[in-house]
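In: Structure for this input, please:
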Amino acid sequence: MNGLHSASSISRRRLLQLGCGMLGCSLPELFALQARGALDGKRARAKNVLVILEQGGLSQMDTWDPKPNVVAEHRSHFKPIATKVPGMRFTELLTQTSRVADKLSVVRSMWHPKGGANGHGEGTRYMLSGSHPSSPMEMPDIGSVATHLLGTRSTFLPPYIMVPGNHEQSNETRTGFLPPSTKVFKTGGRDLSAKDWKVGALEPRPDTPEKRLIDRKGLLASMNNQYLASAGTGKSYGGMERFYDQAFDTLTSPKVAAAFNYQGEPDGIREKYGKGHRGACYLVGRKLIEAGVRFVTVDVRWPLTNDTPGGFNLNWDHHDNIYANGSCGTIRDKAGGEGRYGIGHWVMMGSTDQAFAALIEDMDQRGLLAETLVCFVTEFGRTPKLNKFQGRDHWTNAYSCAFAGAGVPGGQVIGATDKEAGQVANEPHTPEEYAATIYEKLGIDRTKPLYTSSNRPVFLGNDVEPIGPLF
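Out: Below you'll find the predicted structure:
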């Protein structure tokens with residue numbers, strides 16, 4: 001970092017920071033750090049990663065891991081259905097996803113090997129970092145590590161983006177010991193399906209229009225020329241010019257707005273993903289991958305709208321009335337599951353099923369799936385038994401995640417749970433192994449440490465193996 005913070009360079013950097021500071025450092029610093037940390041990726045199967053983080057603890061027995069023989073009082077209301085792959089079954093809440101089962105590997109044997117991550121914040125932190133939240137050192141997000149080492153193919157966008165990143169899980173993102181340039185960029189937006197939604201933070205402010213930025217670029221070039229003339233050298237100033245050019249590109253390139261403009265997609269594509277917030281979020285995720293962003297996390301929570309009265313907390317934390325046809329209730333007098341709709345309602349699994357199936361089909365048809373690892377994850381599962389409020393509580397002993405793309409073999413189920421989907425019966429896998437899988441797919445050498453500011457080596461996932469059947 002010393003080369004980026006010499007005293008003589010501060011005034012030059014401040015010119016840009018007036019109009020384009022973001023992520024805790026200037027854009028030129030961001031691009032410089034990316035370039036310094038880039039790897040050749042020759043072993044990589046994935047060039048990009050798209051994580052679908054359905055936060056709240058999605059019920060495994062109601063989705064990926066049907067258990068039709070459970071006693072009636074604890075059994076899911078949703079029946080198993082056949083998928084495109086013989087013998088591979090989901091529940092009827094994944095009817096559309098069943099069409100793309102041949103593209104998916106479903107891990108039914110995820111679990112937490114130690115306690116302390118059974119709350120939403122801790123569980124989400126665990127999945128974002130692949131490191132248990134009780135670790136003595138605060139560990140960075142997987143996305144921060146990936147972009148720190150690999151940079152991005154998209155010079156006009158941040159390398160790590162969360163869509164929309166404005167709910168519980170967004171508070172759990174961390175850079176840890178990595179520089180501020182690795183911080184995730186959050187698009188924001190209560191309802192991405194709103195006609196007026198846009199990402200303003202990457203666009204010039206009204207008081208800093210494009211002409212003013214161009215004038216500043218000219219001033220910067222003039223200062224450079226004067227310095228070089230007085231110094232009597234023809235060399236560029238510290239090699240930073242191309243990073244400043246990239247920063248200007250970010251703030252002036254029409255590609256930035258286009259990358260987020262899902263409203264410009266054909267009506268047929270938008271309808272395929274589904275109306276409303278979730279479909280829009282998934283579609284923006286695909287567009288960012290298509291634009292070359294290295295690591296994208298989609299963290300949907302359906303917003304309260306006129307169409308969802310009482311739905312002020314529409315994540316998967318179904319402590320109450322999980323099988324309600326509409327609202328689970330709005331008064332906090334039960335188990336803490338108020339503000340949700342039943343898991344079978346369209347704004348819950350209906351929209352998720354539609355958007356995820358559309359995402360996989362769309363990415364496959366566009367050729368994006370071959371080089372993009374898609375991960376459908378949640379921070380833990382739900383209890384195999386219904387509680388007295390007809391809900392299911394937090395459960396870390398068994399849950400399911402699904403994967404596609406970047407060489408992941410499709411049409412397979414990995415691991416199994418017992419007859420109630422409450423305990424892992426074979427092939428247990430952990431969030432640490434999930435992180436190692438992503439690093440391995442990206443071609444990151446886990447035997448080589450990263451270093452803290454005090455030069456302490458930190459190894460990432462070198463003590464676990466990736467999830468083998470995903471390769």
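In: in this structure, what secondary structure element scores lowest on mean pLDDT?
Out: For the chain, using mean pLDDT, DSSP states H and E, the weakest element among its helices and strands is helix 10-20, scoring a mean of 39.
In: Pull up the gap between the residue nearest to F471 when sequence neighbours are not counted and G268, please.
Out: Excluding the flanking residues, the one nearest F471 by Cβ to Cβ, 6 or more residues apart in numbering is G407, at 6.6 Å. Every residue, glycine included, has its C-beta placed from N, CA and C. Look at G407 and G268: by Cβ to Cβ, to the nearest Å, they are 29 Å apart.
In: G342 too?
Out: In terms of Cβ to Cβ, G342 sits 30 Å off from G268.
In: which of these two has more neighbours?
Out: Using other Cβ atoms under 10 Å, the more surrounded residue of G342 and G268 is G342, with 20 against 7.
In: I'd like to check which residues are in contact with that one.
Out: Counting by Cβ atoms under 8 Å, 6 or more residues apart in numbering, G342 touches 318, 321-326, 328, 348.
In: Show me just the buried residues among these.
Out: 318, 321-324, 328, 348 (16 or more other Cβ atoms under 10 Å).
In: Show me those that map onto helices.
Out: Counting by DSSP state H, no part of these is found in helices.
In: Now that we have these, can you turn them into TSV and tack on pLDDT?
Out: Output for the buried ones among the contacts of G342, formatted as TSV (pLDDT from 0 to 100):
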residue	pLDDT
H318	96
N321	94
I322	96
Y323	97
A324	95
C328	92
M348	98
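In: So which of those residues is the closest to G276?
Out: For these, the minimum distance to G276 (Cβ to Cβ) is 11.5 Å, reached by M348.
In: Not counting its neighbours along the chain, what's nearest that closest one?
Out: Y341 (5.5 Å).
In: Where does pLDDT dip in the stretch 301-450 of the chain?
Out: Within the stretch 301-450 of the chain, the stretches with pLDDT under 70 are 332-334.
In: What segments of it are helices?
Out: Ranges of helices in the stretch 301-450 of the chain, per DSSP state H, counting those that start in this stretch, are 351-365, 431-441.
In: picking that back up, what's the most distant pair in the buried ones among the contacts of G342?
Out: Farthest pair in the buried ones among the contacts of G342 (Cβ to Cβ) is N321 and M348. Separation: 12.1 Å.
In: one step back: in contact with the residue nearest to F471: list those residues for me.
Out: 45-46, 441, 471.
In: now the helix or strand in which Y282 is found, how far from the chain's geometric center?
Out: Element membership of Y282, judged by DSSP states H and E, is helix 277-290. Helix 277-290 sits 11 Å away from the centroid of its parent chain (Cα atoms, centre = their mean, to the nearest Å).
In: how deep is the closest residue to L314 other than its chain neighbours tucked in, by neighbour count?
Out: Nearest residue to L314 in three dimensions, chain neighbours excluded: W302, at 3.9 Å (Cβ to Cβ, 6+ apart). Close neighbours of W302, defined as other Cβ under 10 Å, add up to 25.
In: For W302, list the residues it contacts.
Out: Contacts of W302 were listed using Cβ under 8 Å, 6+ apart, and they are 276-278, 308, 311, 314, 347-348, 351.
In: quick one: which of the contacts of G407 has the most company?
Out: Using other Cβ under 10 Å as the neighbour test, the contacts of G407 are led by K441, with 27 neighbours.
In: just checking, that one touches A404?
Out: No - the criterion here is Cβ atoms under 8 Å, and K441 misses it with A404 at 11.7 Å.
In: so what sits against both of the two?
Out: Common neighbours of K441 and A404 (Cβ under 8 Å, 6+ apart) are L373.
In: who touches D141 in this structure?
Out: Counted by Cβ under 8 Å, 6+ apart, D141 has contacts 128-129, 160, 173-176, 182, 184.
In: Just the ones in helices from those, please.
Out: Per DSSP H, the contacts of D141 map to helices at 128-129.
In: Output the contacts of D141 as CSV; include the columns pLDDT, distance to V70 and neighbour count.
Out: Putting the contacts of D141 into CSV (pLDDT from 0 to 100; distance: Cβ to Cβ, whole Å; neighbours: other Cβ atoms under 10 Å) gives the following:
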residue, pLDDT, distance to V70, neighbour count
L128, 97, 32, 30
S129, 97, 34, 26
Y160, 97, 40, 29
T173, 96, 37, 22
R174, 96, 38, 20
T175, 96, 43, 21
G176, 96, 41, 18
T182, 94, 44, 29
V184, 96, 39, 24
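In: Throw the contacts of D141 into TSV and include distance to G337, thanks.
Out: Shown next, in TSV, are the contacts of D141 (distance: Cβ to Cβ, whole Å):
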residue	distance to G337
L128	24
S129	27
Y160	32
T173	25
R174	28
T175	33
G176	32
T182	35
V184	28
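In: rewinding a little: ok and the helix holding Y282 relative to helix 351-365, angle-wise?
Out: With axes from the mean of the first three to the mean of the last three Cα atoms, to 10 degrees as the basis, helix 277-290 and helix 351-365 are set at 20 degrees to each other.
In: what's the average pLDDT for helix 277-290?
Out: Helix 277-290 comes out with an average pLDDT of 97.
In: which element follows it toward the C-terminus?
Out: strand 295-298.
In: what packs against that following strand?
Out: strand 48-53, helix 142-150, strand 160-163, helix 277-290 (3 or more Cβ pairs under 8 Å, 6 or more residues apart in numbering; DSSP states H and E).
In: And the ones you listed: which comes nearest N118?
Out: Taking Cβ to Cβ, strand 48-53 is the member of the helices and strands packed on strand 295-298 nearest to N118, at 17.1 Å.
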